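Chemist: with the input below, show me the fold.
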Amino acid sequence: MGYCGRGKGWEQRVIAAGLLAVLSTAVRGEYVMAPIRFWGDVTYQSRLEDYREGEDQWENLLTLNLRGDSYLWQPWFMQVNGGLGLTFDHLQRETTGTSTGDIVTGDAQLRFLPLSRFPFEARYLRTDSRVTGEAIGSLPYTNTRYGISQKYRSPEGSFVMQGTWDKNIQTMQGQADDVSDILTFMAGQSFRRHRLKFDARREKARRRSSQSNYRNDNAVLRHTYRPSGAFSMENMLSYLELDDRVSAYANLTRQVQMTSNSFWRPANPKLNGNLGLRYFTSYRESVGAPTDSDSLNAYGGLNYNLTPYLRLRGNLTAKIVHTNGEQIRVSTQSVSLAYNPADIPLGRYRYRWYGASGITNRIEDQYGGQHLNLTLGHNLQRAITLRPREEFSFQIAQSLNGDYDTRLAARNRLSHSVSFTWRKGKGLGQAYMRLLASDARTVGGDGPREIYQLINYQLNGTYSFGPWSALTGNLTINANKNVTADSADDGFATTASGSLVYRHIRAFSVYRLQFHSDLRISNQLETPGNVFAQKQESTVWVNRFDYVLGRLSLRLSLRMSEINRNRYNVLMFQARRYFGN
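Modeler: Take a look at the predicted model:
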């Protein structure tokens, strides 16, 4: 539903008059009123909000929602539907006193020739965060959205087209409006074994928070050609322009990209190849000097399976890069061989070893060289059946990777990992637990010392207490340490998240009384992968009772949340009575 602000009587009258106009036809002479379907609900909601930082408040809302749909002349010619909501709002704040007001909500939709090859649609919607309950922890706001769309499809169906326009206005008391316009266009054409598709989008917005003007234009043209099952080609041309301007600075970005990728998969499953070309140009203007760059990349490769376990791969690449008047040319030629045999049974254990090697020749304008990579690894695993539908397994793995370059110091990486897994699925429940620990570090060579260690623990499961209730939970804990040449050893950084959900569809043995409890806890880094980033902690616990008797729906919920030590608790009771057809 939508919103018209308090004290705007003219808007209320316009919405009401518009709904009456589109939901009925005049009864004059031989004309009769088109059939109209009405339905809706009467809802009472009482919401008590408790904040650790900020004043508490108690809000009561009484809402009448009325919806209807009909058609003008004939259903295939024009269909209309809409809704009107009238809400009385009584708000009592802890320190600033009491306020009352009326909220008018509504939406409307008009579809012209909906069953034809060229349907047209006009829509209107206004929402209020006090009615939807989205205003928790923030000032109330309203969203007004209206737009149109037009579609077209050719008689044979090979050509389709669609254009849309939407305008959204967000209003918050005491602040300027956020306004955005979105235009989209799509067209697609199929002929023989070709398919073309064009997508374009423009978004313009004015943000009150940063006092900025934002514009985003992008367009993508895609071409697909598949003459046979052995060959396919994918081509793309894209354009992107971002213009974000505030009072202090302007940020402008333009990008153009063209790509072409071909894939060859002949009848012989042992051989396949690919070929590609990519051109990319970018211009960026921000604080400081503008940056202008473009690059051209070409690549090709062949894969040949000598045996089911031995694969030979060859690749060629060439790249030219221009950045602010400077040019760099780079080309590479590489060949690699990988061997990954089947498992070897060793009693109750399974053992596997693998190896890979690759050599790359690199040619640049000023520098060049060769690079050699060698990898050798093995693992040992075993699965133990403890009882029917219960299994325990573990795996130990080790690998050694060596990089040798004519320009850089040699780097050898030794990696170890061990994992334990337990699975159980029996009767009404199932559970899964996994513990993984890994260590990777540089050994020997003249390069910088690097260490990466990871400990990961996962636990999840579901248990049904009977036909009416079930408990589901999961827990994930991560601890990692990353030591590089630019960072010291500061120990492990840990993150954790978990949830516990309990559902009962016949609480207290009362038919149609449902209970839902959802607890979610998270302790995450704000920037994943950055050990030194500040953590964000959140705890949300929602408990809800729902009861339905005929057309009467009752809900009682308690939402307790704490985000970075800011507490938000909401106790809500809602009674809703449906009517109509």
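
Chemist: against Trp422, how distant is the residue nearest to Asp50 when sequence neighbours are not counted?
Modeler: Nearest in space to Asp50, with sequence neighbours left out and distances taken as Cβ to Cβ, 6 or more residues apart in numbering, is Asn569 at 4.2 Å. C-beta: built from backbone N, CA, C; applies to glycine. Asn569 is 38 Å from Trp422, where distance means Cβ to Cβ, to the nearest Å.

Chemist: how far out from the middle of the chain is the host helix or strand of the residue nearest to Asp50?
Modeler: Counting by DSSP states H and E, the secondary-structure element that holds Asn569 is strand 566-580. Its chain's average C-alpha position is 28 Å from that of strand 566-580, according to Cα atoms, centre = their mean, to the nearest Å.

Chemist: residues contacting the residue nearest to Asp50?
Modeler: Listed by Cβ atoms under 8 Å, 6 or more residues apart in numbering, the contact partners of Asn569 are Glu49, Asp50, Tyr51, Leu558, Arg559, Met560, Ser561.

Chemist: if we use 7 Å, what do you get?
Modeler: Contact analysis of Asn569 by Cβ atoms under 7 Å, 6 or more residues apart in numbering lists Asp50, Arg559, Met560.

Chemist: which SS class is the first one?
Modeler: Reducing the assignment at Asp50 to three states with DSSP: H, G, I helix; E, B strand; the rest coil gives strand.

Chemist: what's the answer for the one 5 residues further on, then?
Modeler: Using three-state DSSP, the secondary structure recorded for Glu55 is coil.

Chemist: start the count at 538 instead of 1 going forward.
Modeler: Sure, I'll start counting at 538 from here, so that last one is Glu592.

Chemist: just give me the neighbour total for the residue nearest to it when sequence neighbours are not counted.
Modeler: For Glu592, the nearest residue in space outside its immediate sequence neighbours is Glu631; the separation is 4.1 Å by Cβ to Cβ, 6+ apart. Burial of Glu631 is recorded as 13 neighbouring residues (other Cβ atoms under 10 Å).

Chemist: so how far is Asp593 from Glu631?
Modeler: 4 Å.

Chemist: now swap in Ser930 and tell me
Modeler: The span separating Ser930 from Asp593 equals 53 Å under the rule Cβ to Cβ.

Chemist: direction included, what does the longest strand anywhere in the chain pair up with?
Modeler: Selection of the longest strand in the chain by residue count, based on DSSP state E, yields strand 905-924. According to DSSP bridges, strand 905-924 has the following sheet partners: strand 886-901 (antiparallel), strand 927-942 (antiparallel).

Chemist: buried set for the last one?
Modeler: Buried positions in strand 927-942, judged by neighbour count with 16 or more other Cβ atoms under 10 Å: Gln932, Ala934, Ser936, Asn938, Gly939, Asp940, Tyr941, Asp942.

Chemist: follow-up on the earlier one: quick check: neighbours shared by Glu631 and Asp593?
Modeler: Contact criterion Cβ under 7 Å, 6+ apart; no residue bridges Glu631 and Asp593 by contacting each.

Chemist: show me what counts as buried in the strand holding Asn1106.
Modeler: Residues of strand 1103-1117 classed as buried: Tyr1105, Asn1106, Val1107, Met1109, Gln1111, Arg1113 (neighbour count, 16+ other Cβ under 10 Å).

Chemist: what would these look like in TSV with pLDDT and distance to Ala742?
Modeler: TSV is the format used below for the buried residues of strand 1103-1117 (pLDDT from 0 to 100; distance: Cβ to Cβ, whole Å):
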residue	pLDDT	distance to Ala742
Tyr1105	86	28
Asn1106	90	34
Val1107	90	30
Met1109	92	33
Gln1111	94	34
Arg1113	95	35
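
Chemist: what's the closest of those to Trp702?
Modeler: Closest approach to Trp702 among those (Cβ to Cβ): Arg1113, at 34.6 Å.

Chemist: in this model Gly577 seems to touch that closest one, though I could be wrong.
Modeler: No: in terms of Cβ atoms under 7 Å, Arg1113 does not count as a neighbour of Gly577; the distance is 10.3 Å.

Chemist: next, Thr818: phi, psi?
Modeler: In this entry, Thr818 is assigned phi and psi values of phi -130, psi 140 (degrees, to the nearest 10).

Chemist: which non-adjacent residue is nearest it?
Modeler: With sequence-adjacent residues excluded and distances taken as Cβ to Cβ, 6+ apart, Thr818 is closest to Asp831, at 3.7 Å.

Chemist: which intervals of the stretch 938-1087 of the chain have sub-threshold pLDDT?
Modeler: When residues are selected by pLDDT under 70, those of the stretch 938-1087 of the chain lie in 982-984, 1062-1072.

Chemist: where do the strands sit along it?
Modeler: Defined through DSSP state E, counting those that start in this stretch, the strands belonging to the stretch 938-1087 of the chain, from first to last, are 948-963, 966-980, 988-1001, 1006-1020, 1030-1041, 1050-1062, 1072-1086.

Chemist: against which helices or strands is the last one packed?
Modeler: If contacts are counted by 3 or more Cβ pairs under 7 Å, 6 or more residues apart in numbering; DSSP states H and E, strand 1072-1086 sits against strand 1050-1062, strand 1089-1100.

Chemist: could you list the alpha-carbon positions for it in PDB?
Modeler: The C-alpha atoms that make up strand 1072-1086 are tabulated as PDB, following Å, rounded to 0.1, in the frame of the first residue of the first chain:
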ATOM      1  CA  LYS A1072      34.100  -5.900  13.800                       C
ATOM      2  CA  GLN A1073      30.300  -5.500  13.600                       C
ATOM      3  CA  GLU A1074      28.300  -7.300  16.200                       C
ATOM      4  CA  SER A1075      24.600  -8.000  15.900                       C
ATOM      5  CA  THR A1076      22.000 -10.100  17.700                       C
ATOM      6  CA  VAL A1077      18.400 -10.300  16.600                       C
ATOM      7  CA  TRP A1078      15.800 -12.500  18.300                       C
ATOM      8  CA  VAL A1079      12.300 -12.600  17.000                       C
ATOM      9  CA  ASN A1080       9.400 -14.500  18.700                       C
ATOM     10  CA  ARG A1081       6.000 -14.500  17.100                       C
ATOM     11  CA  PHE A1082       2.600 -16.100  17.700                       C
ATOM     12  CA  ASP A1083       0.100 -16.300  14.800                       C
ATOM     13  CA  TYR A1084      -3.500 -17.400  15.100                       C
ATOM     14  CA  VAL A1085      -6.000 -17.600  12.200                       C
ATOM     15  CA  LEU A1086      -9.700 -18.300  12.700                       C
END
